[in-house]
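Engineer: one predicted model, sequence on top.
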Amino acid sequence: MFKGLIPKEEKYFDDFTEIIVHVQGMAQQTYNLFSSESYDPNIYLKLKPLENRCDEISSRVIKRLNNTFITPFDREDIFSLIKKIDGIGDILLGTVARVDTYSLNEKVEGADKLAAIVLQQIKELGSVINRLKAKEKQINECKAVRDLETEADNVYRASLKKLFLEENNAITLFKKKEILDMLEKASDKCQSTANVIISILIKNS
């Protein structure tokens, strides 16, 4: 009875919007890196502040959950969504960090295509999240994220096959494979984020 009289904490929607903007910025920088003919060694320095900001937002949301009586939707879903989005940023930063750590100075074939897919997935997620407060059913955008993940799987498998056929240096092969692995993992994380949003939309329809 009294629970319905207490206003819900609406700041979560602003947090979701803010964090996805930062993650999209990271995805754009990642795509810029892998689509260039020569890799920019300063890209990591551009991504790190964005990733730090994502961590701050995630921590803020979790802290607020512990102090908020009524939430816009299930606490578990809020926690899961913010951690999933933050996780995408973590993977992107880790991918770029490996380029720097491994001193890669030649293109990883297929990485540009995977990075482009991840960027598009995040844009689709952003479109849904921006309208989450209005409870608009953006199921099509969520499905688009999942369709793009299937496309990423195809690109990943084709890139790995070509890598193993053409790369004779075992160390270089290992380095390039890990880059492809992590970009594919980022795409998977986007899909799992879309699944959380679909669950939220269904529960609150």
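Structural biologist: Perfect, thanks for sending it.
Engineer: show me what contacts the most centrally placed residue in the chain?
Structural biologist: With distances taken as C-alpha atoms, centre = their mean, the chain has I88 as the residue nearest its mean C-alpha position (3.0 Å). Applying C-beta atoms under 8 Å, 6 or more residues apart in numbering, we find I88 in contact with 23, 27, 118, 122, 186, 189-190, 193. Where you see a C-beta, it was placed from the backbone N, CA and C, and this is true even at glycine.
Engineer: if we go to 7 Å?
Structural biologist: Under the criterion of C-beta atoms under 7 Å, 6 or more residues apart in numbering, the contact list for I88 reads 23, 122, 186, 189-190, 193.
Engineer: keep only those of these that are in helices.
Structural biologist: 23, 122, 186, 189-190, 193 (DSSP state H).
Engineer: using a markdown table, lay out the residues you listed together with neighbour count and distance to S38.
Structural biologist: Output for those, formatted as a markdown table (neighbours: other C-beta atoms under 10 Å; distance: C-beta to C-beta, whole Å):
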| residue | neighbour count | distance to S38 |
| --- | --- | --- |
| V23 | 28 | 25 |
| I122 | 29 | 25 |
| A186 | 29 | 22 |
| K189 | 22 | 28 |
| C190 | 30 | 27 |
| T193 | 26 | 32 |
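Engineer: any chance of a markdown table for the residues you listed, columns pLDDT and distance to Y31?
Structural biologist: What follows is the ones in helices among the contacts of I88, written out as a markdown table (pLDDT from 0 to 100; distance: C-beta to C-beta, whole Å):
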| residue | pLDDT | distance to Y31 |
| --- | --- | --- |
| V23 | 98 | 13 |
| I122 | 97 | 10 |
| A186 | 98 | 11 |
| K189 | 98 | 16 |
| C190 | 97 | 14 |
| T193 | 96 | 18 |
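Engineer: and the residues you listed as JSON lines, adding distance to E151?
Structural biologist: Formatted as JSON lines, the entries for the ones in helices among the contacts of I88 read as follows, by distance: C-beta to C-beta, whole Å:
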{"residue": "V23", "distance to E151": "20"}
{"residue": "I122", "distance to E151": "14"}
{"residue": "A186", "distance to E151": "13"}
{"residue": "K189", "distance to E151": "15"}
{"residue": "C190", "distance to E151": "12"}
{"residue": "T193", "distance to E151": "17"}
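Engineer: closest one to R60 out of the residues you listed, please.
Structural biologist: Distance to R60, by C-beta to C-beta, is smallest for V23 among the ones in helices among the contacts of I88, at 15.5 Å.
Engineer: mind checking the SS state of L104?
Structural biologist: coil (DSSP: H, G, I helix; E, B strand; the rest coil).
Engineer: just to revisit the earlier point, and the ones in helices among the contacts of I88, which is closest to E167?
Structural biologist: Of all the ones in helices among the contacts of I88, E167 sits closest to A186, with 22.1 Å by C-beta to C-beta.
Engineer: ok, the closest one touching D90?
Structural biologist: No - contact criterion C-beta atoms under 7 Å: A186 and D90 do not qualify, at 9.3 Å.
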